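Student: Any chance you can model this:
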Amino acid sequence: MKHNLVIAFCITAAALSFVIFGETDYLWFVLGGIALLFISVVAYGSSQIQANYFVKSINKGRVKAIALTFDDGPDPESTPRILETLRENNVKATFFVIGRKAVEYPDLLRQIVEEGHTIANHSYSHHYLIGLFSSKKLRSDIQRCNEAIRDITGQVPVFFRPPFGVTNPRYAGVLKDLKMESIGWSLRSMDTRAKNKYQLIQKIISKLKPRDIVLLHDHLPLTADTLPDIIGHCREMGIKIEPLPRLIGKEPYETN
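Tutor: Residues are numbered from 1 along each chain as shown. As a prediction, the model looks like this:
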């Protein structure tokens, strides 16, 4: 784990600082710099899932195509529109669903599976303080989402995406215990902040490249409005859209 290496480096640097600067007025400045460096690295590693700092995530594909992934659904208004667009264009996507929403809209979850898309785990609660959950509470939350998905679809997901893309050492232990794969992304659409469809299209198309895992949200009307254009631009650019399991070469559900 990269975090352990950073801890070892900072401890070593602090020990050397005592040896080198112990008799000078610079010691506390140096120690303060080391502490600031540690805090900065940990903050960056926690918030940037691509850094694989606490948890090793799959952030890019293996083949020259892209995958579309949708977080925070299902949504009774936007998800059906997104499914209609995907169906009309013969495109398969992955939906990282929130467990409590899956329980509220089970028919949508079944529709997603029936139309050939992949269901994945995005936690049960999607609580804004989930990053502070204990290992026991985090495990319960993730497992509860898996159980909700299983009860509705008959499938137990292996893919998990941490809410907000924030990780910590507890995620590493829990996911290992549950035998689940952390899935990140290589292209964040920022559809939660886009003001209009043209801004969203430009954000995606200007940075899109083969092997990208694209992060979108299926609870946003703007994303549903823009999806036909995104798919159309991909085809104009000659970029193939593949299901996430095929892109990364991993099975999405428990097989036993």
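Student: For the biggest strand by length in the chain, what does the pLDDT average out to?
Tutor: Ranked by residue count, the top strand of the chain under DSSP state E comes out as strand 67-73. Taken as a whole, strand 67-73 has a mean pLDDT of 98.
Student: Would you mind pulling the contact partners of that strand?
Tutor: The contact list for strand 67-73 (C-beta atoms under 8 Å, 6 or more residues apart in numbering) reads 61, 79, 82, 91, 93-98, 101, 108, 120, 122, 126, 161, 183, 185, 212-219, 223, 230, 241-244, 247-248. C-betas here are computed from N, CA, C, even on glycine.
Student: what packs against the helix or strand harbouring L138?
Tutor: Secondary structure from DSSP states H and E places L138 in helix 135-153. Contacts defined by 3 or more C-beta pairs under 8 Å, 6 or more residues apart in numbering; DSSP states H and E place helix 135-153 against helix 99-104, helix 106-114, strand 118-121, helix 169-178.
Student: Please verify my assumption that T79 contacts H219.
Tutor: Yes. Using C-beta atoms under 8 Å, T79 makes contact with H219 at a distance of 7.5 Å.
Student: So which of the two has more stuff around it?
Tutor: Applying other C-beta atoms under 10 Å to T79 and H219 shows that T79 carries more neighbours, namely 23 against 20.
Student: pLDDT averaged over the helix or strand hosting that one, what's the number?
Tutor: Per DSSP H and E, T79 falls inside helix 78-88. What helix 78-88 shows for mean pLDDT is 98.
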